[in-house]
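Participant: Below are the sequence and a predicted model; questions follow.
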Amino acid sequence: MTHPAQQRAQQRGQARGLPRHQRHGLASGEPLRITLLSPPTFWRCEAGWSWVSRPLADHLLWCVLDGRGRLALDGAERELHPGVCAVFAPGDAPTAVHDPRRRLLVFGMHFSTDSAGVIPEPRWGEVLDRELLGVLARTSDASYRRQDPLGRRQAELCLEQVLAMIWDAVHNPGPSTTDTVVDDVARQIRQDPSYDWTVAEMARRAALSRAQFTRRFVALLGMSPAQYLIQSRIDRAHQLLTETGLTVTQVAGVLGYADVPYFSRQYKQRTGRSPSDDRPASRGQAQEGLQPSMEVAGRVPGPE
């Protein structure tokens, strides 16, 4: 796990290594300069609907939330189903048809931008997190309809997030089903590092053998499950030491360390500091009578 400052430095270095046309906009992680030209809109296409667009005058976000159909642009075609999203550029003239028995539900909006690196190639990709896509669409619609500056800004931020998800779907294909399951176990570890994790338990949750799980975990996350668990506990320990009134002994206890010196050694190995260095003495003295919250005072059970 990388310190935020190191992550920012890595991102700057990665941006410098991108092709020139990708050094700005979505690929570089820089904020986009976008302006909405139409309200965020949902439409359920009529049974006899088809789309033959004139060359577009502006950019268009076009996301399928339900139904089945087919989209075409410049000789390329894409089967349409929930999660398939497209970003069209000025001058594009897409066409589309759908199955009248499974009518398309589309969400989209027109916008302008002077940011480079917004239009993916190909124009479409499949956003796997359909739940988040739906939330962003509904939030964008509700925010814009408030008709105030904050609502409009929220709608633009939702658009920027959807554009980033589409770019990622096109240029960084999603992980395999197995890797998705392994990543979900890693997320559970980060969320609840105090749980009494074993590699056997992790493998069971991923429905893999211990050997298969360990191999995929290392390939995906760059360290063994045991080392990942230790790092997650040290990360949480740092947060508790710097943000709560818990003592070093209490922090070690809630994270499952019966041996405080052993906890201190692991902490120093990974942070370069002793736990007491990250717990200001003034805070400990000033908050001596502070009671820790229920979340951190006792053993937190693992996710069911």
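Facilitator: Sure, I can see it.
Participant: residues of the helix or strand hosting residue 187 that come out buried?
Facilitator: In this assignment (DSSP states H and E), residue 187 forms part of helix 177-191. Residues 181-183, 185-186, 188-189 are the ones in helix 177-191 that count as buried (16 or more other Cβ atoms under 10 Å). Just so you know, the C-beta spots here come from the backbone N, C-alpha and C atoms, and that holds for glycine as well.
Participant: Can you tell me which of these is nearest residue 60?
Facilitator: Nearest to residue 60 among the buried residues of helix 177-191: residue 183, at 32.4 Å, using Cβ to Cβ.
Participant: Quick check: the gap between the closest one and residue 177.
Facilitator: Distance, residue 183 to residue 177, using Cβ to Cβ, to the nearest Å: 11 Å.
Participant: quick one: common contacting residues for these two?
Facilitator: Residues touching both residue 183 and residue 177 do not exist when contact is defined as Cβ atoms under 8 Å, 6 or more residues apart in numbering.
Participant: Check which helices and strands the longest helix out of those in the chain sits against.
Facilitator: Secondary structure assigned by DSSP state H gives helix 149-171 as the longest helix of the chain. Helices and strands touching helix 149-171, by 3 or more Cβ pairs under 8 Å, 6 or more residues apart in numbering; DSSP states H and E, are strand 34-36, strand 59-66, strand 84-88, strand 124-126, helix 130-145.
Participant: The longest one: how far from the chain's middle?
Facilitator: Taking Cα atoms, centre = their mean, to the nearest Å, the mean C-alpha location of helix 130-145 is offset from the chain mean by 16 Å.
Participant: Also stretch 209-218?
Facilitator: For stretch 209-218, the distance to the chain centre is 24 Å (Cα atoms, centre = their mean).
Participant: buried set for that stretch?
Facilitator: For stretch 209-218, by 16+ other Cβ under 10 Å, it's 213-214, 216-217.
Participant: which one among the residues you listed gets closest to residue 169?
Facilitator: Set against residue 169, the nearest of the buried residues of stretch 209-218 by Cβ to Cβ is residue 216 (22.0 Å).
Participant: these two touch, right, the closest one and residue 210?
Facilitator: No: in this structure, residue 216 is not within contact of residue 210 by Cβ atoms under 8 Å, at 11.2 Å.
Participant: ok, back up a step: how about the buried residues of stretch 209-218 in JSON lines, adding secondary structure, distance to residue 144 and pLDDT?
Facilitator: Output for these, formatted as JSON lines (DSSP: H, G, I helix; E, B strand; the rest coil; distance: Cβ to Cβ, whole Å; pLDDT from 0 to 100):
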{"residue": "213", "secondary structure": "helix", "distance to residue 144": "45", "pLDDT": "96"}
{"residue": "214", "secondary structure": "helix", "distance to residue 144": "48", "pLDDT": "96"}
{"residue": "216", "secondary structure": "helix", "distance to residue 144": "42", "pLDDT": "94"}
{"residue": "217", "secondary structure": "helix", "distance to residue 144": "42", "pLDDT": "95"}
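Participant: what does the longest helix of the chain rub up against?
Facilitator: 26-27, 31-32, 34-36, 40, 61, 63, 85-87, 109, 111, 117-118, 120-122, 124-129, 132-133, 136-137, 139-141, 143-145.
Participant: Now restrict those to buried residues only.
Facilitator: If we count by 16+ other Cβ under 10 Å, those have these buried: 26-27, 32, 34, 36, 40, 61, 63, 85-87, 109, 111, 117-118, 120, 124-128, 133, 136-137, 139-141, 143-144.
Participant: thought residue 268 was touching residue 274?
Facilitator: Yes: judged on Cβ under 8 Å, residue 268 makes contact with residue 274 at a distance of 5.3 Å.
Participant: residue boundaries of the strands in the stretch 151-300 of the chain?
Facilitator: Read by DSSP state E, counting those that start in this stretch, the stretch 151-300 of the chain holds no strands at all.
Participant: Could you list the low-confidence segments of it?
Facilitator: 174-175, 280-300 (pLDDT under 70).
Participant: Looking at the buried residues of helix 177-191, which two lie furthest apart in space?
Facilitator: 181 and 189 (13.3 Å).
Participant: Can you read off the pLDDT for residue 21?
Facilitator: Residue 21 carries a pLDDT value of 43.
Participant: Which residues does stretch 99-114 contact?
Facilitator: Contacts of stretch 99-114 (Cβ under 8 Å, 6+ apart): 32-49, 58-69, 80, 96, 98, 137, 140-141, 159.
Participant: now with 7 Å?
Facilitator: 32-45, 47-48, 58-69, 80, 98, 137, 159 (Cβ atoms under 7 Å, 6 or more residues apart in numbering).
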